[in-house]
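Engineer: Would you be able to build a 3D model of this:
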Amino acid sequence: MFRAQWIFELAPGMSSGGLETVPCARGPGVKAIDTKGKQELAKEEKARELFLKAVEQEQNGALYEAIKFYRLAMQLVPDIEFKITYTWSPEGDGVGKSYIEDGDDDGKMADLLSYFQQQLALQESSVKLCQPDLDVSQTHISVLPMEVLMYIFRWVVSSDLDLRSLEQLSLVCRGFYICARDPEIWRQACLRVWGRSCNKLVPYTSWREMFLERPRVRFDGVYISKTTYIRQGEQSLDGFYRAWHQVEYYRYMRFFPDGQVMMLTTPEDPQSIVPRLRTKNPRTDAILLGHYRLSQDTDNQTKVFAVLMKKKEEKPIDYHKYRYFRRVSVQETEHSFHVGLQLCSSGRQRFNKLVWIHHSCNITYKSTGETAVSAFDIDKMYTPLFFARVKSFTAFSEKPL
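Structural biologist: Numbers count the residues shown, from 1 in each chain. Prediction:
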């Protein structure tokens with residue numbers, strides 16, 4: 001307290017009573033304080049200058065020089081990184097080599113796509129959509145015209161609608177980010193999934209939002225359910241005990257963007273079955289092939305209806321077998337299975353659950369054209385199917401989008 005009052009009395013123009021007096025010379029303590037403050041400001045200004053120079057060297061690719069300037073700046077002021085903010089200067093050379101200080105972060109744009117497009121608009125017309133970080137002797141992808149780049153992006157999406165790979169490709173640079181947000185790509189993807197029922201965007205704001213938010217089945221994997229139950233066996237010959245069997249089997253369903261669907265019921269585990277479901281013509285006799293459609297009711301619940309049939313195989317007629325016997329004519333029938341499922345989301349994943357709501361078998365007699373329908377009771381034996389992503393399904397592209 002005494003020291004503070006003493007410094008106040010030594011201030012110019014002030015006396016001990018607080019009245020203004022004739023200016024007098026400062027004491028040695030005040031001069032030391034002013035000198036120390038000026039030194040701190042000069043040191044911080046020097047550190048700021050070195051830090052900005054390091055940022056510029058890093059942008060130009062001179063990482064060794066940038067590290068040297070970063071080290072010098074932090075030796076002067078250890079927390080200089082948190083005392084300065086910087087952005088690209090629109091008045092610079094257009095490539096992002098010059099920086100200006102900007103302490104207001106509130107003006108940063110929330111929409112990243114609009115921000116990147118604005119940055120490209122501020123650059124010179126000669127600057128390409130993307131540029132190599134280092135000098136390369138081979139032709140860089142940025143040399144390709146925009147039409148060729150977009151055609152490459154359609155191959156990435158492919159006819160399997162692998163939009164996950166498109167999102168990963170957008171992380172390469174801001175130019176690829178802009179290409180991956182092309183509305184035409186997402187519009188065609190929506191048309192492949194919903195057809196004519198998605199002509200209008202309402203209530204969505206973009207085609208990408210529609211594809212991500214609107215309920216749909218997933219194509220980059222398999223829906224799998226596992227059913228387990230206990231069955232009573234036959235009594236032993238001596239009658240002392242009766243065996244019990246634990247029965248376990250799986251159901252697999254895979255959907256394709258063109259409306260086709262496959263379903264297989266088998267006791268084999270997913271490690272052996274999933275690789276066989278990669279193509280539309282699997283080498284499995286018990287598989288059912290058919291088509292599906294999406295239906296959205298008034299209660300905003302999306303349902304999947306599918307009609308499946310067993311794969312047809314033409315067996316050659318063995319005439320020698322019926323050479324000396326009269327062949328008994330068997331009435332030919334055709335079996336088709338009608339399936340109804342409700343599409344749900346569980347946990348963090350979206351549209352990854354299918355709940356059974358209907359299952360029936362239609363038997364059609366070809367000679368008379370009559371059809372007999374046998375409906376199955378949906379009980380605990382029909383466990384829900386959960387989605388499992390399979391990376392190998394989208395590892396190759398057969399056709400572009």
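Engineer: What ranges does the protein have for its strands?
Structural biologist: Taking DSSP state E, the strands of the chain run over residues 86-88, 99-101, 221-235, 242-255, 260-266, 288-296, 302-310, 333-346, 349-365, 371-375, 385-389.
Engineer: tell me what the fourth one is packed against?
Structural biologist: Applying 3 or more Cβ pairs under 8 Å, 6 or more residues apart in numbering; DSSP states H and E, one finds that strand 242-255 contacts strand 221-235, strand 260-266, helix 270-273. C-beta coordinates here come from the backbone N, C-alpha and C atoms, glycine included.
Engineer: winner for burial among the ones you listed?
Structural biologist: Across the helices and strands packed on strand 242-255, the average number of neighbours (mean count of other Cβ atoms under 10 Å) peaks for strand 260-266, which reaches a mean of 18.
Engineer: who does that one pair up with?
Structural biologist: strand 242-255 (antiparallel), strand 288-296 (antiparallel) (DSSP bridges).
Engineer: any idea of the angle the longest one forms with strand 221-235?
Structural biologist: Counting by axes from the mean of the first three to the mean of the last three Cα atoms, to 10 degrees, strand 242-255 points 160 degrees away from the direction of strand 221-235.
Engineer: Any idea which of the strands paired with strand 260-266 gets closest to residue 72?
Structural biologist: Checking the strands paired with strand 260-266 against residue 72 by Cβ to Cβ gives strand 242-255 as the closest, at 59.9 Å.
Engineer: Show me what counts as buried in that closest one.
Structural biologist: Of the residues in strand 242-255, 250, 251, 252, 253, 254, 255 count as buried by neighbour count, 16 or more other Cβ atoms under 10 Å.
Engineer: Export those residues as TSV, with columns for distance to residue 223 and pLDDT.
Structural biologist: Putting the buried residues of strand 242-255 into TSV (distance: Cβ to Cβ, whole Å; pLDDT from 0 to 100) gives the following:
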residue	distance to residue 223	pLDDT
250	11	91
251	8	91
252	7	92
253	4	91
254	7	91
255	8	92
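Engineer: With distance to residue 81 as extra columns, can I get the residues you listed in JSON lines?
Structural biologist: Output for the buried residues of strand 242-255, formatted as JSON lines (distance: Cβ to Cβ, whole Å):
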{"residue": "250", "distance to residue 81": "55"}
{"residue": "251", "distance to residue 81": "56"}
{"residue": "252", "distance to residue 81": "53"}
{"residue": "253", "distance to residue 81": "53"}
{"residue": "254", "distance to residue 81": "51"}
{"residue": "255", "distance to residue 81": "50"}
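Engineer: Nearest to residue 163 among the residues you listed?
Structural biologist: Closest approach to residue 163 among the buried residues of strand 242-255 (Cβ to Cβ): residue 255, at 14.8 Å.
Engineer: Can you name the residues bridging to the closest one?
Structural biologist: residue 261.
Engineer: Go ahead and confirm it touches residue 220.
Structural biologist: No: assessed by Cβ atoms under 8 Å, residue 255 is found out of contact with residue 220, at 10.1 Å.
Engineer: confidence score at residue 17?
Structural biologist: Per-residue pLDDT puts residue 17 at 48.
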